[in-house]
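Colleague: coords please:
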Amino acid sequence: MGDFVFPNELHVTWTVMIVLYPYITGCVAGAFIVSSLFHVFGLKQLEPIARFSLVSSFAFLLFAALPLLNHLGRPERALNIMITPNFTSAMSGFGFVYLTYTIIVILEIWFHYRADSIDRYNSPKVTLKAAYYIMHLGCTMRNEETDRIDHKIVKILAGIGIPVACILHGYVGFLFGSIKANPWWSTPLMFIIFIFSAIVSGIAVLAFLYIFVNFLKRQKIDQNCLDTMVRFLWGFMIIAVVLELMDLLSLAYEQTERWAVLKTLI
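Modeller: Numbering: from 1, shown residues only. Model (predicted):
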């Protein structure tokens, strides 16, 4: 009884981890969309960063839920969402979207790098040959037909992954937009704003990582690729800012009780 706390006696303070959570998921979706611009829409200017963006999306995906786990007092209880799923829970729904997107990205990376790993498997200098054999599920044959099929599957997965990536980060916007206690976030536009801001943050972090990694490797930067990313970054950022301003202007015009709070905050 001594450890029991009544709801009105406890105030949970959100930390910087709650800010990192939507930012990292935004990097996941944004980086994947950059990769899909090449694989699905054939934007040749982004070819030098297509693979890098796909792997970066997967790396961010692995750590997307880590800020939330650090914020929880009992992070091991997060596994209950998998053991006892609740289909009416907003966070449980995010878990299902997260799992679906993870499977899509893993499959796309597997098919994308299959040709390279088969070449490495057939190399006489390779070590851990059994591991490569298992990774390829016993199929170690490569020719023009298999390369064509792999490319087609990657294109299909990238096409499916675009809406799933938008749903992934848009769902985060839905979670934040559903918080009625915060008048600045509680808007139906939050879903759309989060999607465009995800693309902005994803392209921005990719541009930084591309420059940084090439600097470490002492390799020349493809300026045309970087310029193309910056153009997309600028365009999506304009859309995200305009949507935010439109929402604020509509609230200012309506002069509701929400605007009385927002005016003080602004």
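Colleague: so what secondary structure elements neighbour the longest helix that the chain contains?
Modeller: In the chain, taking DSSP state H as the definition, the longest helix is helix 144-177. For helix 144-177, the contact count by 3 or more CB pairs under 8 Å, 6 or more residues apart in numbering; DSSP states H and E identifies helix 16-39, helix 90-112, helix 114-121, helix 190-217 as packing neighbours. Placement of C-beta: from N, CA and C, glycine included.
Colleague: Just say which of those is most tucked in.
Modeller: Of these, the one with the most neighbours on average (mean count of other CB atoms under 10 Å) is helix 16-39, at a mean of 23.
Colleague: ok and the longest helix of the chain relative to helix 90-112, angle-wise?
Modeller: When axes from the mean of the first three to the mean of the last three CA atoms, to 10 degrees is applied, the directions of helix 144-177 and helix 90-112 differ by 160 degrees.
Colleague: what's the spacing between the helix or strand bottoming out on mean pLDDT in the chain and its chain's center?
Modeller: Least confident element among the helices and strands of the chain, by mean pLDDT, DSSP states H and E: helix 129-135 (a mean of 72). A distance of 29 Å separates the centroid of the chain from that of helix 129-135, by CA atoms, centre = their mean, to the nearest Å.
Colleague: and the gap between the most centrally placed residue in the chain and C225?
Modeller: With distances taken as CA atoms, centre = their mean, V28 lies nearest the centre of the chain, 1.9 Å away. Distance of V28 to C225, computed by CB to CB, to the nearest Å: 21 Å.
Colleague: Kindly report the same for W184.
Modeller: Distance of W184 to C225, computed by CB to CB: 36 Å.
Colleague: tell me the secondary structure for C139?
Modeller: Under the three-state scheme (DSSP: H, G, I helix; E, B strand; the rest coil), the conformation of C139 reads as coil.
Colleague: Tell me how many other residues surround it.
Modeller: By other CB atoms under 10 Å, 10 other residues sit near C139.
Colleague: Name the spans of the chain whose pLDDT lies under the cut-off.
Modeller: Residues of the chain that meet the criterion pLDDT under 70 lie in 1-13, 124, 126, 132, 138, 181.
Colleague: roughly how far apart are the residue lying closest to A207 once chain neighbours are set aside and G235?
Modeller: Excluding its sequence neighbours, the residue lying closest to A207 (CB to CB, 6 or more residues apart in numbering) is M229, at 5.2 Å. Noted for M229: a distance of 11 Å to G235, by CB to CB.
Colleague: okay, the two: which has more neighbours?
Modeller: M229 (22 against 14).
Colleague: OK, contacts around the more buried one?
Modeller: Applying CB atoms under 8 Å, 6 or more residues apart in numbering, we find M229 in contact with 34, 46, 49, 203, 206-207, 210.
Colleague: Go again with 10 Å.
Modeller: Contacts for M229 were tallied using CB atoms under 10 Å, 6 or more residues apart in numbering; they are 34, 37, 45-46, 49, 53, 202-204, 206-207, 210.
Colleague: same check, this time on W14
Modeller: Applying CB under 10 Å, 6+ apart to W14 gives the contacts H71.
Colleague: Report the secondary structure state of it.
Modeller: coil.
Colleague: Please tell me how far it sits from L68.
Modeller: As it turns out, when the distance is counted by CB to CB, W14 lies 11 Å from L68.
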